[in-house]
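Student: quick one: sequence plus predicted model below, questions after.
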Amino acid sequence: MDDRIRNAQRGDREAFAAFAAEHYSAVYRFCARRIGVTDAEDATQESFITAQRAIRGYTGASRIETWLFGIANNVCRQLARRRKLEMNTMRAWTPDPAPDGESTLVNREVLRNALAKLSDDHREVVMLHEVEGLAYGEIADVLGVPVGTVKSRLHHAFLQMRRHLGEGATA
């Protein structure tokens, strides 16, 4: 654990501000992928308020980013429930463009549709694994579920996506 986190745990506001500035954009992108860019700012702010209150409880058992994503994930869920938003994780995410522009647009739309057909639980693990690049254990920490559940959800999500992508290719 670095000195800035230790100092933030001791109540040093400047250390927490520096910590928040370092991780703000990653948490913002994480929130935007879950609830859209319109509400991402509120969710990010709420996440850091929660993190500031909870920083003393951070033990270093997981990466600090994993801990922050866990907080942000819970904040996004609460905000979505409060505002009755659909947790559409694909609103703000667009894959890197491919050389063939027209087929890229089609592929993006087919991919968005396939992801939209997944349950929230399945879509969530796909986004955490494929977009955020988290390992199974980190996803388990963020979601508060066993690693086996993460693996199972990811496996079933990919099976469903293959089926949906196959349907999109023939449609």
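Tutor: Thanks, I have the structure now.
Student: what's the first helix or strand after the worst-scoring helix or strand of the chain on mean pLDDT?
Tutor: One helix or strand of the chain scores below all others by mean pLDDT, DSSP states H and E: helix 101-116, with a mean of 68. Later in the chain than helix 101-116, the nearest helix or strand by DSSP states H and E is helix 120-126.
Student: for whichever strand or helix holds T38, packing partners?
Tutor: Taking DSSP H and E as the criterion, T38 maps to helix 37-54. Contacts defined by 3 or more CB pairs under 8 Å, 6 or more residues apart in numbering; DSSP states H and E place helix 37-54 against helix 13-35, helix 64-83. All C-beta spots, glycine's among them, are computed from the backbone N, C-alpha and C.
Student: excluding covalently adjacent residues, which one is nearest to the residue most central in space within the chain?
Tutor: Nearest to the mean C-alpha position of the chain, by CA atoms, centre = their mean, lies F30 at 4.2 Å. Nearest residue to F30 in three dimensions, chain neighbours excluded: A72, at 5.2 Å (CB to CB, 6 or more residues apart in numbering).
Student: with N73 instead?
Tutor: V142 (5.4 Å).
Student: tell me the secondary structure for that neighbour?
Tutor: Classification of V142 using DSSP: H, G, I helix; E, B strand; the rest coil returns helix.
Student: residues touching it, list them.
Tutor: Listed by CB atoms under 8 Å, 6 or more residues apart in numbering, the contact partners of V142 are 66, 69-70, 73, 128, 134.
Student: which of these sits closest to N107?
Tutor: Nearest to N107 among those, counting by CB to CB, is L128 at 21.7 Å.
Student: that concludes my questions; thank you for your assistance.
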